[in-house]
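Engineer: Sharing a model that was predicted from the sequence below.
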Amino acid sequence: MSLVIKNGRVIDPASHTDRVADVLIVDGRIAGVAPDLSSPKAAVFDATGMIVAPGFIDMHVHLREPGFEHAETIESGSRAAAAGGFTSVCCMPNTKPVNDSAMVTRYIVEQARRGAVVNVFPIGAITKGSAGEELAAIGAMKAAGAVAISDDGMPVMNARVMRRAMEFAKSYDIPIIQHCEDLNLSAGGDMHEGAQSVRWGLRGIPAASEDVMVARDLLLAELTGARYHVAHLSTRHAVSMVEHARLVGLPVTCEATPHHFALCDAEMHAYDSNYKMKPPLRGDGDRAAIVDGFARGAITAIATDHAPHPGSEKMQEFERCPFGIIGLETALALSLEELVHPGKITLSRMIELFTTGPDSVLRLDRGTLATGAAGDVTVFSTGLEWTYDVNQSASRSRNSPFDGKTFRGGPVATIVNGEVVWKKE
Amino acid sequence: MPSGLLGIEELDRAEIEAILARAKDFQPLQSQSNKKLDALRGKMIVNLFFEASTRTRTSFEIAAKRLGADAVSITAAGSSVSKGESLVDTLNTLGAMRPDAIVMRHSASGAPHFLARHLPTPIINAGDGTHEHPTQALLDARTILDRRPTLEGIRVAIIGDIAHSRVARSNVHLLSKFGADIVLCGPASLLPVELKSLAPGVRLTNDIRDAIRDADVIMMLRVQLERQHEASFPASEYFRFYGLQLEHLELARPHCIVMHPGPINRGRELSSEVADFQRSVILNQVENGIAVRMAVLEKVIG
C-alpha cells in the first residue's frame, strides 16, 4: 500500500520545507519528501499546481454522536471534515450522554473506527455531565483516548472547581480547554452587545463576559501550571491577555474560528439564525485583533467549532434558535480569503495554524510530513474558484452563513493514513 | 419579500408622509355616525397576537372593519401555538387560508421579519419584542402633527425603559427622519450608550430635568416589568428619579404635550396629575390609532 503525491508545492512548516517535490507514503507513514520519488507499486496522485501540506487538524468540532444523530454522526461529520481538507478532528463532549467517562470515550473511539473517514480524537468533559460541579473521570478518559478536557458550551463557572480541574489536568498532563463565558454577564443574550443588538432589540452578550473568564482562568493557569487553551476566542481583550500570558511564559494557547475572523456583527443578516453562535460575531475591532493575533503568534490555531443543528431548530424566532454553525467545509477557503490572499499572514503560517498549532496543544504526533510521521496529507489549491453550496454538504446539517459564497482556493484532496478519503470532483 | 409593514427604519420620509396624510383623511370618519367604508370589502385580515394586548389588537380590528374588511383575531393562548406548534407551521397554516394580511404581535424581536422571508402573505408588525412598533410611532407622529405644523426641529424627550422599548425605537427612527431633536432619558442600565447611533439627532441623558428642558413633546414609556429579565433598576425609587411630575412640566415649552403609549401606570412612570393634565394627549393617541391603522391597512392591502 503506497501512494506518491507528485509535483505539488510541499509546504511543511515543521520541517521548514517549501519546495516542489513528491511525497511518498508507504504503509500509512510518510516515507519521504523529495523530487522524482517513485515506488513501483505506488498509486499516483498528481498534485501539479497544488499545495501539499501535512493533514489539517480541527481541534474543535461537534459530531453530535451519541445522542443527536439527527444533526450529525461521527461518520457524516468525518466526511464533512474530509471535504474540508481535515485529516483529524477533535470532538467536544457535549453529546447525550456527555462524554464524561471512559465508557463514552471508548464508544466514540469505536464508532470512529467503524465509520469515520478521518482520525477522530475525543475530548472528555471537565466535570460530570458538564454541570460544573464534580470532576469527571479525567485520567480514565485519557487512558481511553481523550486528548483534552473541556466543558465546551458550559463554561466552568466555579473558580474553585476550575482550579481543581487544572490541577488534575496538570497531573495527567492533559490540556484543559475552556469555553470562556461568564454566564451571569451573558445570560439571555443572543448576539454581541453593541450598536447592532441595540438596533435590533436583541439581548446582548457583552465582550466582557468572555474577557473576565479569560482573565480569571489565566490567573488560575499561573497558579496551577496547567496547560490551558482558550476555545474560540473572540474579543480583542482576550487576544491581548493571552498574548501577555504567553510572553511571560505560561503554557497557554488559544484558537479562533473562521467565522470570527471573517465576519463581524455589522455584517449579520437581520434575525438570520445562521449568524447566531457563541461566542457571537463581535465588533469589527475584535475581528481585526484576531487577524492580527494570528500574525503576531498570539493565536496558535484555527478551529471551526463545527456545530450542526437541523433546519427545524434553526427555523425559529432568533431568540429561540440554538447557537452554532457548521464550518468544516469552509474553514480552509475562508482562511485563504481573509488571511492569506490579503497578505495578513503567509501560506506557511496558515498551514501552521491548521497543523503544528493544534498539535502542540494536543500532542497527536501529527501535523508534519517528516519521514515516519502519519501519512496524513491535505492537498489544496490557492486559486481555483468554487462556490459553496450547503445543500451539497456532507454534513447532516445546513446551518451556514457562507452558503452561496464564491472562494478562490480550497481543498482538493484529503489523504488519511496514506489513503485518499476525499477528492474534489 | 411581500410588501407588509415591518418597521419604521426601512421606510423613507415620503412613505411616512403618505401614511400620515391618509390617516388625516380618515380622522373625521371616527366621529361620524356611519363610520364604515368599503375600500377593503371582501378582504380578510388575521390579527395574530402572541402577546397580550387589548388596545393594539382592538384598534387594528376596528380599523379593518371600518374599511369594510373582515377581521379575525387569534391570541396565542388557546391556539395551537400553546400546543407546541412552531411559529412557521402556525403561519403556514394561516397563510393557507389566504388572508390578505397578517397583523402580528410577538414577544421575540424579529419574529415578523423572519416570517416575512418565508411566507407570501404581507405581514404588518404590531410590535416585535424590544425592536419596533411601527404603527405606534405613526400614530404618535399623527398626534404631534395635529398640534404642531411640523416635526422638523421640534424637541422630543422620550423617558423611561428605552432599552426594552419598541415604541422608543420606532419613534426615534421616525422623528429622526424628519429632523427632530431627540433626547432619550432613563437610568444607565435602561439606556445603553449604543442608542446614540440608532439614528441621527439623538442625545442621551440620565437626568430627567435635562431631558425635559425646552421640550415640545414628552413621551413617557411604560415601565415594562414583564420585559425586565433582571433587576435593572431599584424599583422602589424609580418614580422619584424618572417619574414625570407636574413641576417638571415647568421646564418644558409652554405648549409642550405629554404622550404615553398606554396602558399607563399612575404613580410609576407618571403622576396621576400628569395623566389627567390638560396637555396630556394620551386619549388622542388612542383615537388616532384607528385612523393610522386604517391608512396602513389600506396601503398594504388596497
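Structural biologist: Yep, that arrived.
Engineer: Run through who's touching stretch B:63-81.
Structural biologist: By Cβ atoms under 8 Å, 6 or more residues apart in numbering or on different chains, the surrounding residues in contact with stretch B:63-81 are B:26, B:29, B:35-52, B:57, B:60-61, B:82, B:87, B:90, B:93-94, B:99-100, B:289-291, B:293-294, B:296-298, B:301. Where C-beta positions appear, they are placed from N, C-alpha and C, glycine not excepted.
Engineer: Drop anything exposed from these.
Structural biologist: Listed as buried from the contacts of stretch B:63-81 are B:26, B:29, B:37, B:39-40, B:43-51, B:57, B:60-61, B:87, B:90, B:94, B:99-100, B:289-291, B:293-294, B:296-298, B:301; burial here means 16 or more other Cβ atoms under 10 Å in any protein chain shown.
Engineer: overlap between those residues and the residues near chain A?
Structural biologist: Taking Cβ under 8 Å from any Cβ of the partner chain as the test, chain A is in contact with B:L87 out of the buried ones among the contacts of stretch B:63-81.
Engineer: that older thread, in helices only, show me the contacts of stretch B:63-81.
Structural biologist: Filtering the contacts of stretch B:63-81 for membership in helices, criterion DSSP state H, returns B:26, B:57, B:60-61, B:87, B:90, B:93-94, B:289-291, B:293-294, B:296-298, B:301.
Engineer: Doesn't A:G293 belong to a helix?
Structural biologist: Yes - when the secondary structure is assigned by DSSP: H, G, I helix; E, B strand; the rest coil, A:G293 falls within a helix.
Engineer: okay, and the helix or strand of chain A with the least pLDDT?
Structural biologist: Sorting the helices and strands of chain A by mean pLDDT, DSSP states H and E puts helix A:311-314 at the bottom, at a mean of 85.
Engineer: Check the offset of it from the chain's centre.
Structural biologist: Mean-position distance between helix A:311-314 and its chain equals 23 Å (Cα atoms, centre = their mean, to the nearest Å).
Engineer: CA atoms only: put the helix or strand following that helix into CSV for me.
Structural biologist: Going down the chain from helix A:311-314, the next helix or strand is helix A:331-335, by DSSP states H and E. Once side chains and other backbone atoms are set aside, the C-alpha atoms of helix A:331-335 remain, and they are given as CSV (Å, rounded to 0.1, in the frame of the first residue of the first chain):
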residue,chain,number,x,y,z
ALA,A,331,-12.6,26.8,7.0
LEU,A,332,-9.7,26.5,4.6
ALA,A,333,-11.3,28.7,1.9
LEU,A,334,-12.1,31.4,4.5
SER,A,335,-8.6,31.3,5.8
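Engineer: What lies in contact with helix A:331-335?
Structural biologist: Contacts to helix A:331-335, defined as Cβ under 8 Å, 6+ apart, come from residues A:56, A:58, A:84-86, A:258-259, A:261-262, A:302, A:304, A:350, A:353-354, A:378, A:380, A:386, A:388, A:402, A:407, A:409-411.
Engineer: just stretch A:181-199 next, same as before
Structural biologist: Taking Cβ under 8 Å, 6+ apart as the rule, stretch A:181-199 contacts A:155, A:157, A:200, A:202-210, A:212-213, A:265-266, A:268, A:275-276, A:278-283, A:318-319, B:9, B:163, B:169, B:192, B:194-195, B:197-198, B:229-230.
Engineer: Could you tell me which of those residues count as buried?
Structural biologist: Among those, those that count as buried by neighbour count (16+ other Cβ under 10 Å) are A:155, A:157, A:200, A:202-207, A:209-210, A:212-213, A:265, A:268, A:275-276, A:278-283, A:318-319, B:9, B:163, B:169, B:192, B:194-195, B:198.
Engineer: Now do stretch A:371-383: distance to the chain's middle.
Structural biologist: When C-alpha coordinates are averaged (Cα atoms, centre = their mean), stretch A:371-383 and its chain have centres 17 Å apart.
Engineer: Would you mind measuring the gap between the ends of it?
Structural biologist: End-to-end distance for stretch A:371-383, by Cα to Cα, to the nearest Å: 29 Å.
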